[in-house]
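Engineer: turn this into a model:
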Amino acid sequence: MNLEAPETPVYSVKGHKEIINTIDGIGGLGIGEGAPEIVTGSRDGTVKVWDPRQKHDPVANMEAVQGENKRDCWTVAFGNAYNQEERVVCAGYDNGDIKLFDLRNMSLRWETNIKNGVCSLEFDRKDISMNKLVATSLEGKFHVFDMRTQHPTKGFASVSEKAHKSTVWQVRHLPQNRELFLTAGGAGSLHLWKYEYPIQRSKKDSEGVEMGVAGSVSLLQNVTLSTQPISSLDWSPDKRGLCICSSFDQTVRVLIVTKLHKI
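Structural biologist: Numbers count the residues shown, from 1 in each chain. As a prediction, this is how the structure comes out:
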């Protein structure tokens, strides 16, 4: 959509058979190396990647194989776009599945299950080699995965935290400091967290294979803004601490978080 001429879409396509729950973008003149692409996730169980320069058909389509139960995809996120070739999409589903798709090799690189529906996924940066991934879920819990070291059987190391008294709808990392992130809860609260790296981010298992070591998270601040869930959240890339959120009470709030440069 061109904001100066919103009546005419720059790109429009019939993408899914059912409601589209989530969307993310990367590349072009924006963040990340490589071609401009959009990824969408739908209730029809598919995750599709679109190139606005190619009309009608997706450049990638990830869906359950025939005979498997199709799960509702609630959230998608691009990452690992540190050069022209590398790029991944992470998708979260209503049954707690998290799947990491390698777009260069067109393969499923990793999958896990966090036992509750995955509401939001975000890499701490899209345009670097995978570093951290935060996944928020129903029942008030979020997980932070260290994405630097993948063990062949155990996958990525992670730490989980009970964040809110209800669903954690969104997570957003501070653009100016990727170790800080904000979570938005179903009870109308925002929580500001800091991730602390361990002394060593990897170690060898009993068979000498490298495996990741998870860090820890600490709560820096929290505030309750509404009696209704905060469903959407974003930081300003230009002004440190400036953020905006929307809630089910039909209110958009602009907030400023101070003293972030001292953390």
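
Engineer: which other residues reach stretch 9-17?
Structural biologist: 1-2, 38, 40, 42-44, 46, 48, 50, 52, 55-56, 58 (C-beta atoms under 8 Å, 6 or more residues apart in numbering). Quick note: C-beta positions are derived from backbone N, CA and C, even for glycine.

Engineer: would you list the buried entries among the residues you listed?
Structural biologist: Buried subset of the contacts of stretch 9-17 (neighbour count, 16 or more other C-beta atoms under 10 Å): Ile38, Thr40, Ser42, Arg43, Asp44, Thr46, Lys48, Trp50, Pro52, Pro58.

Engineer: need the contact list for the fourth one.
Structural biologist: In this case it means Arg43. His16, Glu18, Ile19, Asn21, Asp72, Cys73.

Engineer: 10 Å instead, please
Structural biologist: His16, Lys17, Glu18, Ile19, Ile20, Asn21, Lys70, Arg71, Asp72, Cys73, Trp74, Asp94 (C-beta atoms under 10 Å, 6 or more residues apart in numbering).

Engineer: grab the nearest non-local neighbour of it.
Structural biologist: What sits nearest to Arg43 in space, not counting adjacent residues and going by C-beta to C-beta, 6 or more residues apart in numbering, is Glu18, at 4.1 Å.

Engineer: does the one you found really touch Gly45, like I thought?
Structural biologist: Yes. Using C-beta atoms under 10 Å, Glu18 is in contact with Gly45, at 8.6 Å.

Engineer: which neighbours do these two share?
Structural biologist: Residues touching both Glu18 and Gly45 (C-beta under 10 Å, 6+ apart): Lys70, Asp72.

Engineer: between these two, who's got more neighbours?
Structural biologist: Each of Glu18 and Gly45 has its neighbours counted (other C-beta atoms under 10 Å); Gly45 has more, 20 against 12.

Engineer: go ahead and confirm that one touches Trp74.
Structural biologist: No. Assessed by C-beta under 10 Å, Gly45 is found out of contact with Trp74, at 11.2 Å.

Engineer: sorry, back to before: now tabulate the contacts of Arg43 in TSV and tack on secondary structure.
Structural biologist: What follows is the contacts of Arg43, written out as TSV (DSSP: H, G, I helix; E, B strand; the rest coil):
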residue	secondary structure
His16	coil
Lys17	coil
Glu18	coil
Ile19	coil
Ile20	strand
Asn21	strand
Lys70	coil
Arg71	coil
Asp72	coil
Cys73	strand
Trp74	strand
Asp94	coil
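
Engineer: among those residues, the buried ones, what's the PyMOL command?
Structural biologist: Only the buried entries of the contacts of Arg43 go into this PyMOL selection, using 16+ other C-beta under 10 Å:
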select buried, resi 16+21+71+72+73+74+94
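
Engineer: still on that earlier bit, quick one: common contacting residues for Gly45 and Trp74?
Structural biologist: By C-beta under 10 Å, 6+ apart, the residues touching both Gly45 and Trp74 are Tyr93, Asp94.

Engineer: ok, back up a step: tell me the contacts of the residue nearest to Arg43?
Structural biologist: Glu18 touches Ser42, Arg43, Asp44, Gly45, Thr46, Lys70, Asp72, counting by C-beta under 10 Å, 6+ apart.
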